[in-house]
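Chemist: okay, structure incoming, though there's no sequence with it:
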């Protein structure tokens, strides 16, 4: 049985999002386009490069992980573009996705695996700094943090 607070949280996440700004909308569209492009590259020309980011400890076939993450990116990118009324929920999902794939970036740095032109420790370390920015971009552009469900509401 679902607890009342959990039901309230789910209901508020699925409620139509409040109004947003043009800057946030442009940021959401840009993030959506980036995710669509990245997801498409997972399935096509960048597939082998993305394998460099799949840690050895992942219990699935690396190619399966690359394909699955590509489909997730395409889904998230498309949702960011065509579901503006659900942007808050999609923003949280995108942020969670960026957090979930971060261990792959850490693994690429720790194992010194080349990929996407990241062929030095410095380049791989700089790449690590950008992952939190993607999380913030998802939360800001969708208004997910600003419009998050609150306990006092």
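Modeler: Sure, I can see it. A quick note: this is a predicted structure, and the numbers were derived from the prediction, not measured. Numbering: from 1, shown residues only.
Chemist: could you list the low-confidence segments of the chain?
Modeler: Applying pLDDT under 70 to the chain flags residues 1-17, 148-153.
Chemist: now do the strands in it.
Modeler: Listed in chain order, the chain contains no strands at all (DSSP state E).
Chemist: pull the longest helix from it.
Modeler: Ordering each helix of the chain by length in residues (DSSP state H) puts helix 87-110 first.
Chemist: quick check: which helices or strands does that one pack against?
Modeler: Helix 87-110 makes packing contacts with helix 4-14, helix 22-43, helix 62-82, helix 121-142 when contacts are defined by 3 or more CB pairs under 8 Å, 6 or more residues apart in numbering; DSSP states H and E. Every C-beta, even on glycine, is put in place using the N, C-alpha and C of the backbone.
Chemist: output those helices as TSV; include the columns mean neighbour count.
Modeler: Output for these, formatted as TSV (neighbours: other CB atoms under 10 Å):
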stretch	mean neighbour count
helix 4-14	12
helix 22-43	17
helix 62-82	18
helix 121-142	16
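Chemist: using CSV, please lay out the ones you listed together with distance to residue 52.
Modeler: Shown next, in CSV, are those (distance: least, CB to CB, whole Å):
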stretch, distance to residue 52
helix 4-14, 34
helix 22-43, 12
helix 62-82, 9
helix 121-142, 10
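Chemist: so which of those helices is nearest residue 91?
Modeler: For the helices and strands packed on helix 87-110, the distance to residue 91 is smallest for helix 121-142, at 2.7 Å, taking CB to CB.
Chemist: how far is the closest one from where the chain is centred?
Modeler: 10 Å (CA atoms, centre = their mean, to the nearest Å).
Chemist: coming back round to it: the longest helix of the chain to helix 62-82, inter-axis angle?
Modeler: Following axes from the mean of the first three to the mean of the last three CA atoms, to 10 degrees, one obtains 150 degrees for the angle between helix 87-110 and helix 62-82.
Chemist: what does helix 87-110 rub up against?
Modeler: 13-14, 17, 20, 28, 31, 35, 52-57, 69, 72-73, 76, 79-80, 83, 113, 115, 118, 121, 124-125, 127-128, 131, 134-135, 138-139, 141-144, 147-148 (CB atoms under 8 Å, 6 or more residues apart in numbering).
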